[in-house]
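A.B. asks: I'd like to go over a predicted model; first the sequence, then the structure.
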Amino acid sequence: MISTPSIVLPPARRTAPEAGDFAFRRFDPGTDAPLLHGWVNTERARYWGMLGTTVPEVRAAYGQLDVSAHHQVLLGLLPAPHGAAEPEPAFLLEHYSPEHSVLAGRYAHRNGDVGMHLLLAGPGEGRPLPGLSAAAMEATLAHLFADPAVLRIVVEPDAANTAIHSLNSRLGFRPAGRIELPAGDDTGVKTALLSLCTRADFAAATGRPSSATAHLSPTRWETANRHLLAKAIAEFTHERLLAPVPADGGWLLGSDAHEYRFAATVHALEHWVIDPDSLVVSIDGEAAAVDAAGFVLAFHNTLDLSEAQLPVYLEEITSTLASHCYKQLHSTASAAELAAGTGDGVADFQRTEAAMTEGHPCFVANNGRLGLGATDYLDHAPETGSALALHWVAAHGSRARYSAVPGLDAESLLQGELGTRQLARFRARIAEDCGSSGLEPEDFVLMPIHPWQWEHKLAVAFAADVATGHLVHLGAGEDLYQPQQSIRTFFNRSSPERHYVKTALSVLNMGFMRGLSAAYMENTPAINAWLTSIFENDEELRRCNTGLLREVAAVGYANPLYEAAGPDAPQRKMLAALWRESPAGSIEPGQQLATMASLLHLDAAGASLAAAHIRRSSLEATDWLTRYFDAYLVPLVHALCRYDLAFMPHGENVILVLEDSVPVRVLHKDLAEEIAVLGDRLALPPEVERIRAAVPDSERRLVVFTDIVDCFLRFLAPMLAREGICSEDVFWETAAERLLAYRARNPETTAAFDALELFAPDFELSCLNRLQLRNNARMLDLTDQSGGLIYAGTLANPMAGLGI
């Protein structure tokens, strides 16, 4: 809400001020209420909603705001006119947290949003000066954006206040639609024009320098470097690339002139936990800054980084550091707060998804996202909690193929995802484009795309398809989607019951270009249908209440130019999409959703979300872990034993359904691309055959030991021990006990279970970081993943001797 009474200045001030002339101080309800009373009780300030109030009423209203944790009130001041002793109050600024205001639930909130109300001073003597309103507004935005945690300003002026809409537009605000706001204590019901201004919008409108990197500061940069260097030493040591030695009660790692000293504890599975604050760096005996990229440079030969890989890996390290700086500012909820939630299981799911401060637990450079610019990062990174509209294209059926599970035709899917009106609008655009291309409108397939992908890749690399009319850009859809931790998967925030959407995104991250294979899309629904039939007819999986988020439909586009360029051309994975079932329909009232990855989240105080859930559940740790292992570990072992079926069950691919913070169900996602049938014992339908993988018998057990034990449970066990939840021994004893309970009730899989040797003394150490260090653009050939793995000896099994 912004009001603009006609402003005049005393005769001593003959020129309008510039934005830099203003200063700010706290509004004091006790002493400033009479001043404000004069401003709000004018017809020109009617939109402020306080006409007819008395001074005590103004004082009381602003006294309440003064003690609010979510609302601040300031006075904007001009330098004192000639002969005056005090700065001159020129306007009132209220800024607030939209999620704790009347706007809550009425627009797509994102991290870093700040609401704003601005009231310019009432008339004085002299003539009005042009430009004062704009200067005050610019000063206000500059003041708010000076806080690096602020990414976007939200205003909701009355829709009839056309004067302020014009001013907003000049300063970079963009209308986001009308919303109906209920009556407040001192305001009536109103139709507001919601408008938003980002840092980039403000900079473009005013000619100011970009502030898209405001989260980068010396203090946050040092914290990020300490965090990432501690992780780098820990994980590279775990993979036996480095070998710290004991020294002076701590540990020492040296390379030529570089020395790194630190305190650490070493846990089961050779898991190192290094205290970031203890890191001390010296170069040639002189104290030096903690520098994660400099560490990689110093040890690049030890890490076997080639001359070609080194600079790109350094860029990924730097990008990961920058994202950590952002997360320090915006991941402010405590683990206890995230575990407790708000009672809205779906909204809390997305709140937790945006709050996470760590990517993949094993990978050091896990937030590279090479290709995204600074503004792209603010718009599309999962940790921003942003909501964006996916774009849509129409793809000619000669080059695009729609496939779906039985019974789901394209028309039914699109009606459910877009609705009749929006679908009709898109089809009208297709018909209009066909008027010049000569193609037939009914021959087109619709598909969602990432807005970045259209702007940076498709509009250029697929220019021929656009020119000939085979690819028609239809514009943005109406629903808003939140990017998930996997960055190219989107949750529908406007209509949570609608499908997840996964799109191609030609951004390099964690060892792969995040494309989506058009060829794979054709059989994706058939693979999901086959997998569903297995789960529906298996007694053990039903007992464990294990579920699937099916990928029910997919579209892939085969560009003839790049199809002829060879099977490895990345352009062949630039245009494809799939629709996956939403977990929103899989929970009962009172239940919560959370990716399993979130269990490893640490808040700013170092408290883990897993420990917070266990405390909140009121269960004994062993009881909670029993429920967790029965929901997660046991079904995966059963699928391997009974069907030779291997999942990629990392934390982001597993969604927990919790009730009072207790895991009651697990939902698996990312199915068609990340499951495999190992060997030829199981007959598969022809359309499912591509998931069959030839894997030596000796590697079958690594489906459990690498993907589950080493890549997830290795981190969870010491995390719980550190917070006094349970010891590591109890953790692993509970896991072994649940596996033995499974074996006892499933005698038909005993032989297959025993062949996995889950209680053997050791298992092979498969190294993920070594893969990324070897080739950061293509860690593995997805058609022969087993053949590209790198091993470094064996790890002692923490469950050794606990079973049969």
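C.D. replies: Alright, I've got the coordinates.

A.B. asks: now the helices: where do they sit in the stretch 1-150 of the chain?
C.D. replies: 29-40, 55-66, 132-145 (DSSP state H, counting those that start in this stretch).

A.B. asks: Would you reformat those as a markdown table and include mean neighbour count, distance to residue 747 and mean pLDDT?
C.D. replies: Heads up, the C-betas are built off the backbone N, CA and C, glycines and all. Shown next, in a markdown table, are the helices of the stretch 1-150 of the chain (neighbours: other Cβ atoms under 10 Å; distance: least, Cβ to Cβ, whole Å; pLDDT from 0 to 100):
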| stretch | mean neighbour count | distance to residue 747 | mean pLDDT |
| --- | --- | --- | --- |
| helix 29-40 | 17 | 76 | 92 |
| helix 55-66 | 16 | 69 | 92 |
| helix 132-145 | 22 | 66 | 92 |
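
A.B. asks: Let me know which of the ones you listed is the nearest to residue 325.
C.D. replies: helix 132-145 (16.7 Å; Cβ to Cβ).

A.B. asks: Could you identify the helix or strand that succeeds that closest one?
C.D. replies: With elements assigned by DSSP states H and E, the helix or strand that comes after helix 132-145 is strand 152-155.

A.B. asks: Now do that following strand, average pLDDT.
C.D. replies: Averaged over strand 152-155, pLDDT sits at 96.

A.B. asks: what do you get for stretch 180-196?
C.D. replies: 81.

A.B. asks: Alpha carbons of that stretch, in CSV - could you do that?
C.D. replies: C-alpha atoms of stretch 180-196 as CSV (Å, rounded to 0.1, in the frame of the first residue of the first chain):
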residue,chain,number,x,y,z
GLU,A,180,-8.8,-9.6,-2.9
LEU,A,181,-7.7,-8.5,0.5
PRO,A,182,-10.0,-8.8,3.6
ALA,A,183,-10.7,-5.9,5.9
GLY,A,184,-8.2,-5.2,8.6
ASP,A,185,-8.4,-3.4,11.9
ASP,A,186,-8.3,0.0,10.3
THR,A,187,-8.8,-0.9,6.6
GLY,A,188,-11.8,-2.2,4.6
VAL,A,189,-12.0,-4.9,2.0
LYS,A,190,-10.0,-3.9,-1.1
THR,A,191,-9.0,-5.2,-4.5
ALA,A,192,-5.3,-4.7,-4.7
LEU,A,193,-2.9,-4.8,-7.6
LEU,A,194,-0.1,-7.0,-6.4
SER,A,195,3.3,-5.8,-7.9
LEU,A,196,6.8,-7.2,-7.5
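
A.B. asks: Please state the offset of it from the chain centre?
C.D. replies: 31 Å (Cα atoms, centre = their mean, to the nearest Å).

A.B. asks: and if you look at stretch 463-482?
C.D. replies: 24 Å.

A.B. asks: Give the buried residues for the helix or strand harbouring residue 163.
C.D. replies: Per DSSP H and E, residue 163 falls inside helix 162-170. Of the residues in helix 162-170, 164, 165, 167, 168 count as buried by neighbour count, 16 or more other Cβ atoms under 10 Å.

A.B. asks: Need the helices of the stretch 1-150 of the chain in CSV (columns: distance to residue 680).
C.D. replies: Formatted as CSV, these follow (distance: least, Cβ to Cβ, whole Å):
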stretch, distance to residue 680
helix 29-40, 78
helix 55-66, 71
helix 132-145, 61
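
A.B. asks: circling back: any idea which helix or strand comes after the helix holding residue 163?
C.D. replies: strand 174-181.

A.B. asks: And the contacts of that following strand?
C.D. replies: Under the criterion Cβ atoms under 8 Å, 6 or more residues apart in numbering, residues 102-103, 106-107, 156, 159, 165, 189-197, 201 lie in contact with strand 174-181.

A.B. asks: Sitting in strands, which of the residues you listed do you find?
C.D. replies: Taking DSSP state E, the ones among the contacts of strand 174-181 that sit in strands are 190, 191, 192, 193, 194, 195, 196, 197.

A.B. asks: Filter the residues you listed down to the buried ones.
C.D. replies: Here, 16+ other Cβ under 10 Å leaves 190, 192, 193, 194, 195, 196, 197 buried among those.

A.B. asks: Who are the contact partners of the nearest residue to the third one once chain neighbours are set aside?
C.D. replies: Which is residue 193. Leaving aside its chain neighbours, residue 193 sits nearest to residue 159 (4.6 Å; criterion: Cβ to Cβ, 6 or more residues apart in numbering). Residue 159 is in contact with 178, 190, 191, 192, 193, counting by Cβ under 8 Å, 6+ apart.

A.B. asks: dump the residue contacts of the third one.
C.D. replies: Right, the one you point to is residue 191. 158, 159, 160, 178, 179, 180, 181.

A.B. asks: Repeat the analysis, applying 10 Å as the threshold.
C.D. replies: 156, 158, 159, 160, 178, 179, 180, 181 (Cβ atoms under 10 Å, 6 or more residues apart in numbering).

A.B. asks: now swap in residue 92 and tell me
C.D. replies: Applying Cβ under 10 Å, 6+ apart, the residues contacting residue 92 are 3, 27, 32, 35-36, 39-40, 48, 62, 73-76, 117-121.

A.B. asks: what's across from it in the sheet?
C.D. replies: Taking DSSP bridges as the rule, residue 92 bridges to residue 75, residue 119.

A.B. asks: Quick check: pLDDT value at it.
C.D. replies: Residue 92 is given a pLDDT of 93.

A.B. asks: Show me the helices in the stretch 451-600 of the chain, by range?
C.D. replies: Using DSSP H, counting those that start in this stretch, helices in the stretch 451-600 of the chain cover 451-453, 459-461, 463-467, 518-536, 539-543, 560-563.

A.B. asks: And the stretch 701-804 of the chain, by the same measure?
C.D. replies: 702-704, 714-722, 728-745, 750-755, 768-774.

A.B. asks: would you turn those helices into a markdown table with distance to residue 529?
C.D. replies: Formatted as a markdown table, the helices of the stretch 701-804 of the chain follow (distance: least, Cβ to Cβ, whole Å):
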| stretch | distance to residue 529 |
| --- | --- |
| helix 702-704 | 23 |
| helix 714-722 | 33 |
| helix 728-745 | 27 |
| helix 750-755 | 25 |
| helix 768-774 | 31 |
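
A.B. asks: I'd like these as a markdown table, with mean pLDDT appended.
C.D. replies: Below are the helices of the stretch 701-804 of the chain laid out as a markdown table (pLDDT from 0 to 100):
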| stretch | mean pLDDT |
| --- | --- |
| helix 702-704 | 96 |
| helix 714-722 | 98 |
| helix 728-745 | 98 |
| helix 750-755 | 97 |
| helix 768-774 | 94 |
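
A.B. asks: Thank you, goodbye.
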